[in-house]
Each structure stands twice: as structure tokens, then as C-alpha cells.
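Q: The following block contains a protein sequence and its predicted model.
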Amino acid sequence: MFKWEKLGRIFNPLEITDRPWLKEFAQAPSVLIFEDFVRVYFSCRPPRDEKGQYVSYSAFVDLNRNNLFEIVDISRQPILKLGEPGTFDEFGTYPVSMIRSENGILAFYGGWTRCESVPFNVAIGMTISHDNGISFSKCGNGPVLSYTPDEPFILSGPKIRRFNSLWYLWYIAGKRWLWNNGKPEPVYKIRMAYSNDTVNWIKAGRDLIEDKLEVNECQASPDVFFFENRYHMFFCYRYSLNYRGREKGYRIGYAFSDDLQNWTRDDNKAGIDISEEGWDSEMLAYPHVFHLDGCLYMLYLGNEMGRYGFGLAILEEYKS
Amino acid sequence: MKWEKIGKIFDPTEHKLPNECREFAQAPQVLVFEDFVRVYFSTRKKDKTGKFLSHISFIDMDKEFRKIVNISSKTVIELGKLGCYDEHGIFPLNVLRDSNRILGYIGGWSRRVSVSIETSIGLAISKDNGLTFKRIGDGPVLSSTLHEPFLVGDPFVAIYNNKYYMWYIYGVSWIYCKATLSRERIYKIGYAVSDDGINWNKANRQIISDKLNREECQALPSVIYHKDMYHMVFCYRQATDFRKNRERSYRIGYAYSEDIHNWIRDDENVGIDLSPNGWDSDMMCYPHIFKCNDNIYLLYNGNEFGRYGFGLALLEE
């Protein structure tokens, strides 16, 4: 059982006024820890274009390691360029997940393209940074993890980890598109792949987390860490349709595993829920858990999928 | 090689096809039976938006290709589901026997917004002698990767020494064309190897050298083993102004290989070219090479990318 104490909102993108590409949203936070600061990557958007559509970029804020509520720097430009015409990431690079490797800082990200019959598709790309994570260059113009017979579309939300010298990607894969009042809505589930070299991946090929709400439950942000002799996963989940409000919006779920393969879902142990009021009163989404200086923290999004930024919680208590 | 043209053998506008398809019989692909030859092809209907959907049909012909003995009356394979790689068309369906089943490799098409389309390759299996095919899953078996970023299509699969070989094309860029105010695609021929026909290892390289220029488009490879050598036919064209300009349209190319991995392009010896007039006088494309009754044949499309059907040639030498 986890018990989290909410510390409050860390970053609100609406307060940033001098970066037109960082106008709205701060989604899917993930950290990279430096000696003096904690770099929190997130995804953001300029205002909608003339057709009412968004592109998404990724950026970072640096937080004082001794006071995570003090922002010491903000990226001056997006960390990653959008893709060339016709490539998988032409219209968005969201979300991102970073890890240090022998060659530099590796980032995996969801690349967004626009389709005709459905609004979008996503595949997972790989990039590398040699300047401490300020900018990233793509390892290729195509994706590193793409569609297969039982993962036909929407491979997104990658989280890169390394355990026992093997690389792991947790991510989501689309299952079906539902029609809702003439608008297609995707259903996606949590999946996993592993690799020796970060380039060639073997997919586990099954949904890792059983459904709780309904067969079309949507699951996202599978965030895995090792703690107290066990693997833990926080993720978020919601109803497939009409999810933009409090009733059917995202909540944070939890599962544990001893072998990284088999997961037991037990949302009752997540230990965090929506607030009575304020910026996270309607939904909680995109959890990211990290260790820092002897504490365990969780970053997460609040209402409207991070339109108003992300907040921080600290682990108060844990009982296995 | 030297080919004798037998002529056009099928015109889709003269027959009734399933799925309200009226025109086009493209990328013919053959399955040889004891008494007849089945030729699958891609044919088209227009949807509500006025854009084309490509469906698979087939005809059965006698083994001398003198007459059509049967035409598919039902849907051979459904188009893909909403949001899937093959939602808007199948071109081609490449078929081959694999013990007691028939594999159908799907060249799947789905529409995009900033460019016209994206493609990937899927797999379907027939257990009723090729009358109908069912997918092994909603997604593809071969798709874009780091260095083949889009437009993975035109599968041709063959089994040699218990390994599956797939020749296919992959996109390298979408260039902006001022004349059409749109993006035109450039693609090259590559290949992949597999132990099970499902999990593929790409060679990740262009195997056929460019002849026209760096922007040459290469399409629909088809391979046969004959006289101790692997032979490939394919088609190639200029990247732009290739639809109506006879000087820039598709031609048939040829390459050979002794080891199946390294290919020497040798278009001089392809042995077939445009006719001075008639159905294949403006372009030749989408070749398919196959053996039947100890003969080697070539099926191909002519003018307008096969709007009015396909023709046949017989290898003389």
C-alpha cells in the first residue's frame, strides 16, 4: 500500500509567455536527475493552427534539486524537431522518456501523424542527445517500434527502463477505434517489449494489465520502477468514451510484479486520488515515479490532460 | 531474356466484379493449380469521397491462357478495419503456397493528410484454396523502421531452402512537385528474410541500383529461380510527371543474382519494351514472373497503370 502526500503543482504552462511553441499544456512529465537540478521533460503545444489542429513538442524545466518548487531553467527551444513530410512524427513528438546510456542520453517518444479516416496514428521513435539532454537528434527518420499483427496502430507513451542489463519499453498499443457520435475514439492497452541493444525489440505480445472499468478501458503511462524488492507500475486509466470530465476521466492505477512479466493489478494500493477542488480535481493522469535523495516522488497531470501543468507528490508511507 | 508478347488477356471493364469494382486490374499475381491458373489483381471502386478503394479479385484461366474459366464472385479479402494499415486498399495481394495453406501478403494502403497515403505489408492466410483469405491480425508484419521511414509495400515472397524471402519497396522521401502542387513519393527495392513468414529481418539496404537518377522510383519486384540463377523483374519510373508523359512513365527493369543477396541490374537484357501502339504503348508496369507447364511467363500492366487490364508475355529465350 502506497500513501502519497500531494505537494502541489510544480509547473503551469500558462505562466510562460515568451515561448510561442510552449503556449498550452505540459503533459507526460519524466525526469532526468543531475547533480544540482532535476530536469523534468514534458510535452507542450503552440496554439491550434487555422484548421483547429495541434502539433506537440517536448521541452524541459530544471528544478532546484534542494527545492523542487524552484524552477531554475526552462528549455529555450523544443528538444526535438518535428519529422519530415510523410514521416511518422510529422505532427508531434509526445510523450518522451529519457535514460542515460553508454553513448549519450537516449530518448524514446511518441511520433504523431495525421490520418484521413481517424484523426491520428502514433509510433515510437528513438533519439539521442550528446549535450546533456538539451537537444536530441533522431536515430532515423522512421520509428524504432512500430505496428505488428496484434498491435495495429497507436504505439505511444513509451517509458524506457533498464533492469539487469536488459532494456525495457513499456508503452501502449491501440486495439480498436470506436465510433462515438460520428467521431472515432481509440482504445489502447499497456504493453511491453525488451531489447539487448535498444534498436531491435521483442514484443511481449499481450496486454499486461487486466481491465477494471470495461473491456474498452483505456490504459496509459505505464511507469515502472524497482522498490523494496519488487517491481511496481503506476499507470492511468479511463473510460473509452465521454472521458473529458470528472466522472469518466483518468485515474491513477497500480500493479506490481516480481518478474517484470506478470503483473497483478491492485488499484486500491495506488494511494492517490483526485482532489476535492483545484487543478487536479477532475482527473489524475500520466504518473511518473522517481527516487531522489532518499525519497520517492510522483509527478502527475491534473485536469484537462495537463492543460494546467503537472504537480508533485511524495511517498509518505509504504507497506508491501 | 527475350519475351514474346501474347497480348492483353483481361480487361476488367468487360466483366462484372465483386465490391462494385469497375475499372483497373493491377499488379496481377499468380497461383498455379492443377487444371487452371488463378490470377489475383487489384481493382477499384470509388468511395463516398470520390477517392478509390482497391479490392482484390481473381480470374481463373486455362493453363494455355486461352480463356477465362472463372471470375471471383465474392469478396476474396475484406479491406482492413477503421484506422488500420490496409483500410483503403490492397495492392497487391502476393500469394504463395506454404505446405497446406496459401499465404497472402497484403500491400495495405491507408490515407494520410499531409501526404496522400501510407503503406505497410500484412499477412492473410487461405485454407480454401485461395477463394478467401483471413488476416493473422489487424496490423502489419512489415512496416516502417528507423531507416525505412514510410511506404513499405509491394511484397513478393518466395521460399528457398526453408527460408522466407520478401522483396518489397520502401519510401525514402516525399518530394514537393511544383507542377502538381503536391508531394510525390520516391521508393526503392529492399528485402527481408524470415524463418516463419511473420517475423522478418530487414537487410536495410537498397538492392537494385538506380539507373535514371537518384529520384528513380522502383516498384513491384518479382523473383524467379531459373537455370541456377535468381532473376528479378520490377518496374521503375521518374519521380514526377510520370502519369501521362511517355518519356517518364514506368518501364520494366531486370536484375539477376547468384546468391539471392547481391543483385546486378541489367535492364539491357530485360527483353521487353513498349509497343508502338495499343494497350501497352505508353507504359509497362507491375510485372509478375512465374512458371507454368515448364514455360516462364510475365504478366504486366500497360497504359494508365492497368486501368484496362493486364497482358501476358512468354519467355522465348
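A: Sure thing, it's come through.

Q: residues near residue A:29, how many?
A: 29 (other C-beta atoms under 10 Å in any protein chain shown). Where you see a C-beta, it was placed from the backbone N, CA and C, and this is true even at glycine.

Q: repeat for residue B:241
A: 15.

Q: wait, it sits on residue B:248?
A: Yes. Between residue B:241 and residue B:248 there is a contact under C-beta atoms under 8 Å: 5.2 Å.

Q: Report the contact partners of the closest residue to chain A within the stretch 151-300 of chain B.
A: At 3.9 Å from chain A, residue B:174 is the closest residue in the stretch 151-300 of chain B, using C-beta to the nearest C-beta. Neighbouring residues of residue B:174 by C-beta atoms under 8 Å, 6 or more residues apart in numbering or on different chains: A:84, A:85, A:86, B:115, B:150, B:183, B:184, B:185, B:186.

Q: what do you get if the cut-off is 6 Å, keeping everything else the same?
A: Contact analysis of residue B:174 by C-beta atoms under 6 Å, 6 or more residues apart in numbering or on different chains lists A:85, A:86, B:115, B:183, B:185.

Q: can I get those residues in TSV with secondary structure, pLDDT and neighbour count?
A: Below are the contacts of residue B:174 laid out as TSV (DSSP: H, G, I helix; E, B strand; the rest coil; pLDDT from 0 to 100; neighbours: other C-beta atoms under 10 Å in any protein chain shown):
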residue	secondary structure	pLDDT	neighbour count
A:85	coil	96	14
A:86	coil	97	23
B:115	coil	97	21
B:183	strand	96	16
B:185	strand	97	20
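
Q: all helices for the stretch 201-317 of chain B, in order.
A: Counting by DSSP state H, counting those that start in this stretch, the stretch 201-317 of chain B has helices at residues B:303-306.

Q: now the strands for it?
A: Remark: strands assigned in the stretch 201-317 of chain B by DSSP state E, counting those that start in this stretch are B:217-226, B:229-237, B:251-257, B:264-265, B:285-292, B:295-301, B:310-315.

Q: what does the fourth one contact?
A: Read that as strand B:264-265. Contacts of strand B:264-265 (C-beta under 6 Å, 6+ apart): B:208, B:209, B:255, B:256.

Q: Figure out how far it is from the centre of its chain.
A: Between the centre of strand B:264-265 and the centre of its chain there are 20 Å (C-alpha atoms, centre = their mean, to the nearest Å).

Q: quick revisit: possible to save the strands of the stretch 201-317 of chain B as CSV with distance to residue A:60?
A: CSV is the format used below for those (distance: least, C-beta to C-beta, whole Å):
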stretch, distance to residue A:60
strand B:217-226, 41
strand B:229-237, 46
strand B:251-257, 49
strand B:264-265, 49
strand B:285-292, 49
strand B:295-301, 53
strand B:310-315, 56
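
Q: which residues does the residue of the stretch 151-300 of chain B closest to chain A bridge with?
A: Taking DSSP bridges, one obtains residue B:185 as the residues bridged to residue B:174.

Q: Roughly how far does it sit from residue A:152?
A: 23 Å (C-beta to C-beta, to the nearest Å).

Q: tally of neighbours for the spatially closest residue to residue A:76 that is not a sequence neighbour?
A: Nearest non-adjacent residue to residue A:76, counting by C-beta to C-beta, 6 or more residues apart in numbering or on different chains: residue A:19, 7.7 Å away. By other C-beta under 10 Å, 17 other residues sit near residue A:19.

Q: helix/strand/coil for residue A:19?
A: coil (DSSP: H, G, I helix; E, B strand; the rest coil).

Q: Report pLDDT for it.
A: Residue A:19 is assigned 92 on the pLDDT scale.

Q: distance of the residue in the stretch 151-300 of chain A positioned nearest to chain B from residue B:237?
A: Nearest to chain B in the stretch 151-300 of chain A, going by C-beta to the nearest C-beta, is residue A:152, at a distance of 3.2 Å. Plainly put, residue A:152 is 31 Å away from residue B:237 if you go by C-beta to C-beta.

Q: out of these two, which sits in the busier spot?
A: Neighbours per residue (other C-beta under 10 Å) separate residue A:152 from residue B:237, with residue A:152 holding more: 28 against 21.

Q: Quick check: chain neighbours aside, which residue is closest to that one?
A: residue B:139 (3.2 Å).

Q: thought the one you found was touching residue A:154?
A: No. In this structure residue B:139 lies outside contact range of residue A:154 using C-beta atoms under 6 Å: 10.4 Å.

Q: just the strands in the stretch 51-200 of chain A please.
A: Assigned by DSSP E, counting those that start in this stretch, the strands in the stretch 51-200 of chain A fall at A:57-64, A:67-74, A:92-101, A:104-114, A:120-129, A:137-138, A:153-163, A:166-180, A:183-195.

Q: Identify whichever of these lies nearest to residue B:31.
A: strand A:153-163 (30.2 Å; C-beta to C-beta).

Q: residues in chain A within reach of chain B, list them.
A: With the criterion set to C-beta under 6 Å from any C-beta of the partner chain, chain A comes near chain B through A:85-87, A:90, A:114-118, A:139-144, A:146-153, A:177.
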